[in-house]
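need a 3D model of the sequence below.
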Amino acid sequence: MNAGRIVLCMALAASVSCVAPASEDRSGPNDEMLDLARDATALVKSRPRRDGKGSAFCIHPDGYFLSNVHVVGTAGDMYLALKAGTQSERIVRAKIIRTMRDADLALVRTSAPGPYPFLRLAVAGRLAVSSPVATVGYGVDYRSNESRNLPAQVNRGTVTVIREEDGQAHEIETDLSLNRGNSGGAILDDKGNVAAVVFAGKPGQGMTLGVPVNRVLEFIEPPELILEPVMADERKAQMPVEIRFQALFPGFPGPEKVSTELTLYSPGSSPRTLSLEKKATNTYAVSTILMPDSGAGTVLPLVVSDGGEPGVAIPFTLIVNPDGGKGARLDGSIPISSLTRGQLAHFTFSGEDGNQAMDVSGNNNRVILEGAPRRITGPVGPAMELDGRDDCLVQAGGPEIHQFSAISLALWIRTSQKGGAAERVSPAIARAEGSSGAETWGWLDREGRIGFQRGECSLRRVWSR
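I've put the predicted structure just below:
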């Protein structure tokens with residue numbers, strides 16, 4: 001033992017300290033590494049214009065940041081100020097992805113697209129007592145709550161104690177000088193990689209505590225699973241739709257191979273387990289029918305509604321397992337929009353209704369078949385064939401549909417006719433007639449395309465056949 005130097009080994013419950021190595025590299029991370037660490041470190045704020053609460057640092061170019069639970073709080077949303085205190089300051093919104101309270105770790109992800117400068121995580125077990133380290137974080141004076149114009153600060157020091165549990169590093173202690181606001185910042189090894197995350201210490205007394213990288217790696221290993229919006233309603237429930245998920249791995253780089261398993265619990269059917277196909281980086285998809293036909297009913301061709309609300313939801317379980325790593329499970333549901341709530345009319349075109357099409361919604365919005373419409377079998381059930389000249393459906397009962405300021409019209413259309421040169425002389429697909437005159441909703445142009453307008457409004461959208 002060198003004169004004047006004492007290495008203190010502390011015995012704590014369920015903890016073991018390590019001894020100093022015989023020789024050590026005192027250089028620590030160089031200036032280039034520290035510049036990157038400054039760029040990758042953010043000041044955590046509860047609101048864009050408020051002062052900071054602590055630090056966070058990026059570990060993935062897509063915008064994953066690590067911090068402490070006591071820094072980010074539990075509100076779910078926060079703001080990260082990148083290069084805070086400089087002329088290049090940029091504030092982005094972020095949300096909490098997961099937390100590990102016993103380690104005071106929080107993983108957050110920005111809403112703004114990357115790439116972001118990021119720090120790589122060190123190899124677990126590489127740190128030893130007397131290893132040179134540095135911390136990068138923001139200083140916050142809690143007495144005045146002032147954090148503006150205070151760029152990220154660097155402090156250098158060494159590891160003094162490594163406490164273990166079950167043979168693994170559980171907590172490290174350093175002689176780094178802690179600034180208020182350093183919580184959530186990175187402790188870097190001599191390679192500039194993250195060896196620990198600051199979570200506590202004694203400001204001005206040369207003691208900073210950190211969560212070692214082995215616990216960090218365990219915390220971030222499972223992927224974040226996200227269901228992309230599924231465009232499905234009652235019309236599409238018995239047709240193949242694509243279900244897409246994102247499996248985002250906060251650790252960089254992610255695994256090379258991933259296995260996926262999706263189980264759907266459709267009402268009236270046995271659970272179905274499907275494998276997903278990789279479509280792009282971190283994106284997996286499968287095409288399937290959400291509600292297989294159990295013989296209880298048929299998808300109907302025409303629904304008129306004054307607004308859709310969520311109806312049926314298909315529960316699912318998604319399991320994603322990276323090769324050689326910790327997987328994740330997502331339980332949720334896929335909503336199927338309902339066009340039956342707030343429904344004005346539902347025409348099935350089924351049965352022998354004579355010259356009428358009966359409304360099965362219960363609102364008695366029946367229609368009269370004028371001309372000589374012909375009942376046929378459509379792609380999803382009974383349908384009505386109109387000749388494009390004088391065949392039409394005229395409302396004969398119930399509240400007049402045109403009195404509503406906005407309605408939804410869902411129907412299947414297949415046309416073999418082209419319209420005229422002018423919009424107004426083209427055959428009308430749907431027309432509401434009231435005291436204010438005719439309002440053409442749909443028409444065919446001379447190219448055979450379907451367009452929609454209302455009253456004297458100009459063309460809004462056109463769909464090719």
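
domains for this structure, by residue range?
The chain resolves into domains spanning 31-220, 224-338, 357-463 when parsed by automatic domain parsing.

okay, those domains in JSON lines with mean pLDDT, mean neighbour count and distance to residue 348 next?
From N, CA and C alone the C-beta is placed, and that goes for glycine too. JSON lines is the format used below for these (pLDDT from 0 to 100; neighbours: other C-beta atoms under 10 Å; distance: least, C-beta to C-beta, whole Å):
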{"stretch": "domain 31-220", "mean pLDDT": "86", "mean neighbour count": "20", "distance to residue 348": "45"}
{"stretch": "domain 224-338", "mean pLDDT": "79", "mean neighbour count": "16", "distance to residue 348": "5"}
{"stretch": "domain 357-463", "mean pLDDT": "63", "mean neighbour count": "14", "distance to residue 348": "6"}
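
in CSV: those domains, plus distance to residue 350.
Formatted as CSV, the domains of the chain follow (distance: least, C-beta to C-beta, whole Å):
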stretch, distance to residue 350
domain 31-220, 48
domain 224-338, 8
domain 357-463, 4
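
out of these, nearest to residue 346?
domain 357-463 (4.3 Å; C-beta to C-beta).

helices along the stretch 101-250 of the chain, start to end?
213-220 (DSSP state H, counting those that start in this stretch).

where's residue 285, which helix or strand?
Applying DSSP states H and E as the criterion places residue 285 in strand 283-289.

for that strand, packing partners?
Secondary-structure packing of strand 283-289 (3 or more C-beta pairs under 8 Å, 6 or more residues apart in numbering; DSSP states H and E): strand 240-248, strand 258-264, strand 272-274, strand 277-280.

swap the cut-off to 6 Å and go again
Counting contacts by 3 or more C-beta pairs under 6 Å, 6 or more residues apart in numbering; DSSP states H and E, strand 283-289 is packed against strand 240-248.

contacts for the strand it packs on, please.
Residues outside strand 240-248 that contact it (C-beta atoms under 6 Å, 6 or more residues apart in numbering) are 223-228, 230, 232, 282-287, 289, 318, 320.

pull up the pairing partners for it, direction included.
Sheet pairing of strand 240-248 (DSSP bridges) gives strand 224-227 (antiparallel), strand 283-289 (antiparallel).

need the ones you listed in TSV with distance to residue 344, can you?
Shown next, in TSV, are the strands paired with strand 240-248 (distance: least, C-beta to C-beta, whole Å):
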stretch	distance to residue 344
strand 224-227	32
strand 283-289	28
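
surely residue 169 touches residue 212?
Yes: counting by C-beta atoms under 6 Å, residue 169 does reach residue 212; the two are 4.0 Å apart.

so how far is residue 413 from residue 393?
Distance of residue 393 to residue 413, given as C-beta to C-beta, to the nearest Å: 13 Å.

same question, residue 261
Distance from residue 261 to residue 413, by C-beta to C-beta: 39 Å.

how about residue 40, phi and psi?
Taking degrees, to the nearest 10, you get phi -90, psi -10 for the backbone angles of residue 40.

would you confirm that it contacts residue 57?
Yes: using C-beta under 6 Å, residue 40 makes contact with residue 57 at a distance of 5.2 Å.

between the two, which contacts overlap?
residue 119.

any idea where the strands of the stretch 51-200 of the chain begin and end?
54-60, 64-67, 77-82, 90-100, 105-110, 132-137, 153-165, 168-174, 186-188, 194-202 (DSSP state E, counting those that start in this stretch).

the inter-axis angle of the fourth one versus strand 54-60?
For strand 90-100 and strand 54-60, the angle between their directions (axes from the mean of the first three to the mean of the last three C-alpha atoms, to 10 degrees) works out to 90 degrees.
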